[in-house]
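[1] Next comes the sequence, and after it the predicted model I'd like to discuss.
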Amino acid sequence: MSFQPILPIGGYAGWRFLERTMERQQEVFNKSATVKRDLDYFAEKIGKVKSADEVVSDYRLLKVALGAFGLQDDIGSKFFIRKVLSEGTSANDALANKLADKSYFKLADAFGFGGSGPPHTQEPGFADKIAKAYRERSFEVAVGEQNNDMRLALNIGRDLGEIAGNDSSDRAKWFSVLGSGPMRQVFDKAFGLPTAFAAIDLDRQVEVYREKAKAMFGSSEAAQFTDPDKRDKLIKMFLIRSEIASGFGGSSPAQTALTLLRR
């Protein structure tokens, strides 16, 4: 049995515990037999792979490839993943360039099929780069099996700074947030938005996000989330509101309200 992350309590207090113990827990998790076996196989085989078909037809290679980008639930969608990988990202009409979830773009871009040159699988260090991402994502999945809110918080801690810091327009950054299922769950909950909010016009969703961000963080710009303190405040509000919605977890209503007031 692989190592299971230790999460003795939920909510923001549980998040702070996970932050304090993350390095050690991740280290132990990475040494588990399952993770090591997956990555040893990937390292042995991936350098010989020259096509998307070879990845998709090998379950163990595909497991690591998808897991490294948080797409492990697509393991059964072989036709779709083959198309994403084989078309690559060079052509404007490539499937990965059209999908709202940019995880598929990152997957296709990392492997480099569909371009004029050799795929990136042939490059030195490719297996190590994918292995690093796989370890991080697999740990998140293990955390999520115990507490999905913690998994969503880990996702924000990893991905939001990258989106906030890129050179695209502010609207494009907010669209990237809205296009990520995990990130929009965090923002919607932190902003106190109802489930029906996701059904309204996308341009209006961006405007609401900007209004809520201005009220909560002092700026409507997505770029502000390059600041770790702003990301931590977002995570804190998400976890507290989620805890309230689920019936306060292990905290009393008074304790949760006090934590909220101290944000």
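    Sure, I can see it.
[2] tell me the centre residue of this protein?
    With distances taken as Cα atoms, centre = their mean, the residue of the chain nearest its centroid is N155 (4.0 Å).
[3] from memory that residue sits against Q185, does it?
    No. No contact is recorded between N155 and Q185 when judged using Cβ atoms under 8 Å, the distance being 9.0 Å. To be clear about C-beta, it is placed using only N, CA and C from the backbone, and glycine gets the same treatment.
[4] okay, now S169: neighbour count?
    Close neighbours of S169, defined as other Cβ atoms under 10 Å, add up to 10.
[5] The protein - how does it break down into domains?
    Domain segmentation of the chain under automatic domain parsing yields 32-134, 148-261.
[6] ok now the longest one, how far from the chain's centre?
    Pointing back at domain 148-261 there. Averaged C-alpha coordinates place domain 148-261 at 14 Å from its chain's average position (Cα atoms, centre = their mean, to the nearest Å).
[7] pLDDT averaged over it, what's the number?
    Confidence over domain 148-261 (mean pLDDT, whole number) is 88.
[8] Quick check: which ranges of the stretch 1-150 of the chain have low pLDDT?
    Applying pLDDT under 70 to the stretch 1-150 of the chain flags residues 1-2.
[9] Can you tell me what sits against stretch 100-114?
    Where contact means Cβ atoms under 8 Å, 6 or more residues apart in numbering, the residues beyond stretch 100-114 that reach it are 51-52, 55, 65-66, 68-71, 84-91, 94-97, 99, 118-121, 129-130, 176, 178-181.
[10] Please repeat the previous calculation with a cut-off of 7 Å.
    Surrounding stretch 100-114, the residues in contact under the criterion Cβ atoms under 7 Å, 6 or more residues apart in numbering are 51-52, 65, 69-71, 84-90, 94, 96-97, 99, 119-121, 130, 176, 179-180.
[11] Repeat that for stretch 187-206.
    Applying Cβ under 7 Å, 6+ apart, the external contacts of stretch 187-206 come out as 171, 174-175, 177-178, 209, 212, 234, 237-238, 241-242.
[12] Recalculate using a threshold of 6 Å.
    Applying Cβ atoms under 6 Å, 6 or more residues apart in numbering, the set of residues contacting stretch 187-206 from outside is 171, 174, 178, 212, 234, 237-238, 241-242.
[13] repeat for stretch 172-180
    The contact list for stretch 172-180, computed with Cβ under 6 Å, 6+ apart, reads 100-101, 163, 183-184, 205-206, 209, 222.
[14] just the buried members of these?
    The neighbour-count test (16 or more other Cβ atoms under 10 Å) marks 101, 163, 183-184, 205-206, 209, 222 as buried among these.
[15] Mind putting these into a markdown table with distance to K36?
    What follows is those, written out as a markdown table (distance: Cβ to Cβ, whole Å):
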| residue | distance to K36 |
| --- | --- |
| D101 | 29 |
| I163 | 32 |
| M183 | 30 |
| R184 | 34 |
| Q205 | 42 |
| V206 | 43 |
| Y209 | 41 |
| A222 | 38 |
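[16] Closest to A33 out of those?
    Within the set of these, D101 lies nearest A33; the separation is 31.4 Å, counting by Cβ to Cβ.
[17] Relative to K63, how far out is that closest one?
    Between D101 and K63 the distance is 19 Å, computed by Cβ to Cβ, to the nearest Å.
[18] how about the helices of this structure, start to end?
    In the chain, the helices defined using DSSP state H lie at 11-30, 33-45, 52-56, 59-67, 78-87, 95-98, 103-111, 126-146, 148-165, 170-178, 181-190, 202-217, 228-245, 253-261.
[19] Just read off the phi/psi values of Q4.
    In this entry, Q4 is assigned phi and psi values of phi -100, psi 130 (degrees, to the nearest 10).
[20] Can you report how many residues neighbour the closest residue to it other than its chain neighbours?
    For Q4, the nearest residue in space outside its immediate sequence neighbours is A142; the separation is 6.2 Å by Cβ to Cβ, 6 or more residues apart in numbering. Per other Cβ under 10 Å, the neighbour tally for A142 reads 19.
[21] isn't A142 right next to F3, touching?
    No. If you go by Cβ atoms under 6 Å, A142 and F3 don't touch, sitting 7.8 Å apart.
[22] Understood, closing this out.
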